[in-house]
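1. Build me a model:
(2 chains)
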Amino acid sequence: MHDIRLIRDDPAAFDAALARRGVEAVSARILALDEYRRGVATRLQEAQNRRNEASKSIGTAMGKGDKDTAEALKAEVAQIKDLLPALEADERQHDEAIRAELARLPNLPAADVPEGADESDNVEVARWGTPREFAFTAKEHADIGPALGLDFETGAAISGARFTFLRGQVARLHRALAQFMLDTQVDTHGYTECAPPLLVKDDAAFGTGQLPKFAEDLFRTTDGRWLIPTSEVSLTNSVREQIMGADTLPLRMTALTPCFRSEAGAAGRDTRGFIRQHQFEKVELVTVCKPEESAAEHERMVAAAESILKALELPYRKMLLSAGDMGASARKTFDLEVWLPGQAAYREISSVSNCGDWQARRMNTRFKPEGSKKTEFVHTLNGSGLAVGRTLVAVLENYQDEDGSVRVPEVLKARMGGIERLVPA
RNA sequence: GGAGAGGUGGCAGAGUGGUCGAAUGCGCCGCACUCGAAAUGCGGUGUACGGGUAACCGUACCGUGGGUUCGAAUCCCACCCUCUCCGCCA
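-> Got it, this is the predicted structure:
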């Protein structure tokens, strides 16, 4: 959600910034609505003012027993009241129209976000680790996994495509990965562990930007709630409708939760394997902070996500997304892409975004700067630290041996109950 | 799911048709007193939108949405939430 004053102040700059994301110019249309709305609002307030004054006078007149004056005033108020409903409706209509326009617009890209229409314009900013040399042809996880307990067939049988049933060694490894990530984010990086609801209301889904435009990406319950596509929704909305104390910021949260995505529009993509599922687990990082802190918090969060890949010794590269490839809520996004030897490709495993005040406006989350009377919108950031399912994929592919077994990464051994190697059944 | 009670400012808590954005207490901020502090006294202390260079002015908001009325925190209707008891359940 944007501040309409931003558009009033410099409509050309606003349109130019959105043009970088391929959005058509909207300022002129919104400003016309805004000007009209304010005119109506002023007339409405004047009418209400006269009504209020007259009503007070009626009270005074009645108190004095001056019936004639009271009756005359009543007639005047009745006249004013005839005008009000139309003005109110007109104002509300235009207010809603403006809100709807603003609510559909994506965030403005930050100045240092590269130009570009899609992922081909993303810029690699760092690369870590050296892909391992294999003495044999590295297999894809979908070929190694089934013998180790990654059961695509059972998942499909009970739930359909894009569901997987994990058992035995792989289920244990999956859990070890998830808990290692969560513990690291809590113990090493200072994010507070949270266990949030997985079902949310419309308002929450609107707050982080899933609604109104991306409803088709979500699963909806029969009682009108939404399954979270990421715990970003629950964590970020935990501060909705609040005026936060400056001393509570920055607020850093993390959660390990399942995520549910309908993957509408992804038909045919990554249908094989564990890469793109309707249900997957993710450790999420969310930070709520003051505007001047958000750039530094963004770097901090990326580093927290990177630390997991480093600890697991998984080679990756860090991408700065181009204006056209970012999600709607982001001003600036880094993606971490892990090396998958089976696919011989880098694949997204984490996405870390600074949303500026875009979500804060939608959630109405503000804070009061020290010594200030005015409230200000907070900034929000979110990032995966990391996607557990895709990390499992990366471990299977990077740690595989020719016989189909998979070595357990050093940092996970303590959590594997003595298992040092996953061995095919 | 059944029965009952209740939702008012940062908190506690009054207010049942008019001058109530709302008493009072606590908290918080400022000032006075003091060498300093405590205590005490005085003043201030919600949010949003609109207008204005500003001081300031106006409008709306007492869970949410409707309604009655010249006028609603107060009356009526619906919904939401919280609490207590019972049932059920992990």
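
2. show me where the stretch 1-150 of chain A has helices.
-> Counting by DSSP state H, counting those that start in this stretch, the stretch 1-150 of chain A has these helices, from start to end: A:4-9, A:11-19, A:27-64, A:67-104, A:141-144.

3. can you list contacts of the shortest one?
-> Helix A:141-144 is touched from outside by A:150, A:152, A:272-274, A:340, A:342, A:392-393, A:396-397, A:400, A:404, A:406, with contacts defined as Cβ atoms under 8 Å, 6 or more residues apart in numbering. Yep, even glycine has a C-beta here, placed from its N, CA and C like the rest.

4. can you rerun that using 10 Å?
-> Among residues not part of helix A:141-144, those counted as contacts by Cβ atoms under 10 Å, 6 or more residues apart in numbering are A:138, A:148, A:150, A:152, A:164, A:170, A:270, A:272-275, A:340-343, A:390, A:392-401, A:404-406, A:422, A:424.

5. I'd like the list of those that fall within strands, please.
-> The members of the contacts of helix A:141-144 that map onto strands under DSSP state E are A:150, A:340, A:406, A:422.

6. remind me which residues of chain A are low pLDDT?
-> For chain A, the stretches flagged by pLDDT under 70 are A:63, A:65, A:371, A:373.

7. does any part of stretch A:245-260 sit near RNA strand B?
-> No. Stretch A:245-260 is not in contact with RNA strand B by Cβ under 7 Å from any atom of the strand; minimum separation 9.9 Å.

8. Stretch A:406-424: which residues count as buried?
-> A:406, A:408, A:409, A:411, A:412, A:415, A:416, A:419, A:422 (16 or more other Cβ atoms under 10 Å).

9. Now for the fifth one: which residues touch it?
-> Residues touching residue A:412, when contacts are defined by Cβ under 10 Å, 6+ apart, comprise A:172, A:173, A:175, A:176, A:177, A:179, A:180, A:311, A:312, A:395, A:419, A:420.

10. wait, is it part of a strand?
-> No. Secondary structure assignment places residue A:412 outside any strand; it is helix (DSSP: H, G, I helix; E, B strand; the rest coil).

11. distance of residue A:317 from residue A:224?
-> 41 Å (Cβ to Cβ, to the nearest Å).

12. I figured residue A:313 hits residue A:307, correct?
-> No. Contact between residue A:313 and residue A:307 fails when scored by Cβ atoms under 10 Å: they sit 11.9 Å apart.

13. near RNA strand B, which residues of the stretch 51-200 of chain A?
-> Neighbours of RNA strand B within the stretch 51-200 of chain A, by Cβ under 7 Å from any atom of the strand: A:51-56, A:58-60, A:62-63, A:74, A:77-78, A:81.

14. For the residues you listed, which PyMOL command selects only the ones that are buried?
-> Buried residues among these (16+ other Cβ under 10 Å), as a PyMOL selection:
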select buried, chain A and resi 51+54+58+77
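
15. which two from the residues of the stretch 51-200 of chain A next to RNA strand B end up farthest apart in space?
-> A:63 and A:81 (22.3 Å; Cβ to Cβ).

16. Give me the neighbour count for the residue in the stretch 301-425 of chain A that RNA strand B sits nearest to.
-> In the stretch 301-425 of chain A, the residue that lies nearest RNA strand B is residue A:375 (3.9 Å; Cβ to the nearest atom of the strand). Counted with other Cβ atoms under 10 Å, residues neighbouring residue A:375 total 14.

17. gap between it and residue A:360?
-> In this view, residue A:375 and residue A:360 are 11 Å apart by Cβ to Cβ.

18. coming back round to it: please indicate which of the contacts of residue A:412 are buried?
-> Among those, those scoring as buried are A:172, A:173, A:175, A:176, A:177, A:180, A:311, A:312, A:395, A:419 (criterion: 16+ other Cβ under 10 Å).
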